[in-house]
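Novice: Below is the sequence, then the predicted model.
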Amino acid sequence: MKLESLIDFEWYNEPENVVFLDHEMKIVARSQTDFWQSLHHQIKKDNAHFFYKKSSGNFSIVIKWRFDKAENFNQCGIMVRLDERNWFKASILSKDENNPEIGTCLTVSGYSDWAGTPLSAVPHEIFYKLEKKGEDFICSYSLDGEKYIRLRQFYLKSLDEKIKVGAYIAAPQKKMFEAVLDDVEIKLK
């Protein structure tokens, strides 16, 4: 990842601890951070860290994260966001490191859903791809950067021409979570 390619990126809830290395960015998520809207659980969280670029039109974005272990529901993933009540995220998310899971969450009008899929092995790096075609989105993941597996196709309507798309990291429990954003590549279509 070339740092000059990130010049148009901004932070939503900037983390306190970000270290730029040669071709990567090490990020430490504050504890008790998340993006989640649930009336059932009476939780409204909008305080996780989101590193994004505003985009309009069709695009494809690929993000690569590295981490030692994912547990305590820690997350590092990809996000597209209209506002605090309308967004999508996909991430690694596990209660403990022995039961890795990848999941997606679509939040519309302030209501979040969740769909998770178990992974057969504990990954230490993961690639996410999000493609926008009109108002439709396709999200996929890969463990090797070559073979992508579709996670979800969804619709997200924006009244604004520009949407926010990028990488997010969260640590919903009491421990902080450290991960390395290894690559971000956006292609306009």
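Specialist: Yep, that arrived.
Novice: got any ranges where this protein has weak pLDDT?
Specialist: 1-5, 39-41, 159 (pLDDT under 70).
Novice: for Pro123, what are its contacts?
Specialist: Going by C-beta atoms under 8 Å, 6 or more residues apart in numbering, Pro123 touches 92, 100, 143. C-beta coordinates here come from the backbone N, C-alpha and C atoms, glycine included.
Novice: Among those residues, which lie within strands?
Specialist: Ile92 (DSSP state E).
Novice: Now a PyMOL select for only the buried ones of the contacts of Pro123.
Specialist: Only the buried entries of the contacts of Pro123 go into this PyMOL selection, using 16 or more other C-beta atoms under 10 Å:
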select buried, resi 92+100+143
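Novice: Let me know whether Phe177 touches Ser94 as I believe.
Specialist: No - with contact defined as C-beta atoms under 8 Å, Phe177 does not count as touching Ser94 (11.5 Å).
Novice: So for those two, which sits in the more crowded spot?
Specialist: Neighbour comparison, Phe177 and Ser94: the larger count goes to Phe177, with 26 against 22 (by other C-beta atoms under 10 Å).
Novice: list the helices and strands the longest strand seen in the chain packs on?
Specialist: Secondary structure of the chain per DSSP E: the longest strand is strand 177-188. Judged by 3 or more C-beta pairs under 8 Å, 6 or more residues apart in numbering; DSSP states H and E, strand 177-188 is in contact with strand 25-29, strand 49-55, strand 59-66, strand 75-83, strand 163-170.
Novice: Report the inter-axis angle for the fourth one versus strand 59-66.
Specialist: On the basis of axes from the mean of the first three to the mean of the last three C-alpha atoms, to 10 degrees, strand 75-83 is oriented at 150 degrees to strand 59-66.
Novice: Same question for the shortest one.
Specialist: Inter-element angle recorded for strand 25-29 and strand 59-66: 80 degrees (by the same axes, to 10 degrees).
Novice: which secondary structure elements does strand 25-29 contact?
Specialist: Contacts defined by 3+ C-beta pairs under 8 Å, 6+ apart place strand 25-29 against strand 17-20, strand 49-55, strand 163-170, strand 177-188.
Novice: Redo those as JSON lines? Include distance to Ile7.
Specialist: Listed next are these as JSON lines, based on distance: least, C-beta to C-beta, whole Å:
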{"stretch": "strand 17-20", "distance to Ile7": "13"}
{"stretch": "strand 49-55", "distance to Ile7": "10"}
{"stretch": "strand 163-170", "distance to Ile7": "13"}
{"stretch": "strand 177-188", "distance to Ile7": "12"}
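Novice: which of these sits most buried?
Specialist: Mean neighbours per residue, mean count of other C-beta atoms under 10 Å, is largest over these for strand 163-170, with a mean of 25.
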